[in-house]
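A.B. asks: fold the following for me, if possible:
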Amino acid sequence: MPGSSNLKLKLLYLMKILLEKTDAQNPLTISEIITELAVYGVSAERKSLYIDIETLREFGLDIETTRSKTTGYYIASRKFELPELKLLVDAVQSSRLITNKKSDDLIQKLSTLTSVAQAKQLKRQVFVSGRAKSFNEASYYSIDAVHNAINDGKKIEFRYFDYDVNKNKVFRKDSGWYKATPITMCWDEDKYYLVTYSAEHDELRNYRVDRMSDAKALDEDADSFDPVRFDVAAHIKLSFGMYSGKIIRAKLLFENSLINVVLDHFGKDVIMNPSKEGFIEVTADVPISPVFLGWMLQFGKRAAILGPDSLTSAMRVLITENAEIYGLEVTLNPLI
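C.D. replies: All right, here's what the predicted structure looks like:
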């Protein structure tokens, strides 16, 4: 395309150059801007560029100047500042839900929101202990389908799978479809879950988003449910690891050093009272589930279940079964 034809686009190319090439540490002089415009087949005079820069300022671009031996122009502020983009990149890169390929794609898009020079700082490697990335590329699109269904008040349909020893997908229900009313999405232990209402079983159910496939919104209206009888917030709070179990009122013992952990898991409204020296007694609603019992076990002698008997019995069974696996004999005597 001849250079004269591109003159109509000069202002747009100038904005593109300033956004992509400049920041506070990397201003461009008028001579350098003329050179950059020439790459796009645009010839420009100094006087016209001064006018164009003022026009872009009036349009809303925050263009500042530096003055030393020469005058340089740069974009001083953007919708996302560099520290904000770094935070977003870290979140994308460390998320288990997003595959490595999708992480790279998203980070590349985030990099376009700043200058080329600053974008180099976004190529960060975030290491999170024990955090593996998802295998399921479709998770990204499942989330979109679910949100659309929730917003439109429709049911969703999807297939649900596990992995076998060869890391192959094995679909449940013989590759059959699940149909449900989506209620909300939530994070738990760095995993993304969909909470649904099943009218057939009259209960709330949880599904791992990264184990969903071919999710799509249906034209069928969502089922209504009683929000008083089905307290979604309470359901999420009580579903340790999103594996629901029978909810009971428990008495637990924790070393004082674990108070922060207790508050993180049960919230600031949890009932806590001083117990024997160096310990607190906690009263909370918990599920009788392996996930909760495993959570308690990680603290060793710094935490114990005081009651009820159904919960302490479940813990005894879990400990005994695990001891047998390793060929150990255990004698379970009350600790408290």
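A.B. asks: CA only for contacts and neighbour counts going forward, please
C.D. replies: OK.
A.B. asks: okay, now the unreliable bits of this protein?
C.D. replies: 1-5, 124-137, 240-244, 331-336 (pLDDT under 70).
A.B. asks: just the strands from it, written as ranges.
C.D. replies: Under the criterion DSSP state E, the chain carries strands at the ranges 28-29, 63-67, 71-75, 154-163, 169-171, 178-188, 191-198, 203-208, 212-221, 246-255, 271-274, 279-288, 303-307.
A.B. asks: for residue 88, see how far away the most centrally placed residue in the chain is.
C.D. replies: Compute the mean C-alpha point of the chain, and by Cα atoms, centre = their mean the closest residue is residue 95, 5.8 Å away. For residue 95, the distance to residue 88 (Cα to Cα, to the nearest Å) stands at 11 Å.
A.B. asks: so residue 73 sits against residue 32, correct?
C.D. replies: No: at 10.1 Å, residue 73 does not count as touching residue 32 under the criterion of Cα atoms under 8 Å.
A.B. asks: with neighbour numbers in mind, choose between the two.
C.D. replies: Neighbour comparison, residue 73 and residue 32: the larger count goes to residue 73, with 21 against 12 (by other Cα atoms under 10 Å).
A.B. asks: partners of the more buried one in the sheet?
C.D. replies: residue 28, residue 65 (DSSP bridges).
A.B. asks: could you pull up the residues touching it?
C.D. replies: Residue 73 makes contacts with 18, 22, 27, 28, 29, 30, 63, 64, 65, 66, as judged by Cα atoms under 8 Å, 6 or more residues apart in numbering.
A.B. asks: domain map for this protein?
C.D. replies: The record assigns the chain these domain ranges, following automatic domain parsing: 3-75, 82-122, 139-238, 245-325.
A.B. asks: quick one on the thing from earlier: pretty sure the residue nearest to the centre of the chain sits against residue 190.
C.D. replies: Yes: at 7.2 Å, residue 95 counts as touching residue 190 under the criterion of Cα under 8 Å.
A.B. asks: show me what the longest helix along the chain is in contact with.
C.D. replies: Longest helix in the chain, counting residues (DSSP state H): helix 309-325. Applying Cα under 8 Å, 6+ apart, the contact partners of helix 309-325 are 250, 288, 290, 293, 305, 306, 329, 330, 332.
A.B. asks: now those residues: which count as buried?
C.D. replies: Buried subset of these (neighbour count, 16 or more other Cα atoms under 10 Å): 250, 288, 290, 293, 305, 306.
A.B. asks: farthest pair in those residues?
C.D. replies: Greatest spatial distance among the buried ones among the contacts of helix 309-325 (Cα to Cα): 290 and 306, at 17.0 Å.
A.B. asks: do you know how far residue 106 is from residue 142?
C.D. replies: Distance, residue 106 to residue 142, by Cα to Cα: 16 Å.
A.B. asks: between the two, point out the one with more neighbours.
C.D. replies: residue 142 (21 against 16).
A.B. asks: give the contact list for the residue lying closest to residue 79 once chain neighbours are set aside.
C.D. replies: Distance criterion Cα to Cα, 6 or more residues apart in numbering; nearest residue to residue 79, sequence neighbours excluded, is residue 113 at 8.0 Å. Counting by Cα under 8 Å, 6+ apart, residue 113 touches 78, 79, 80.
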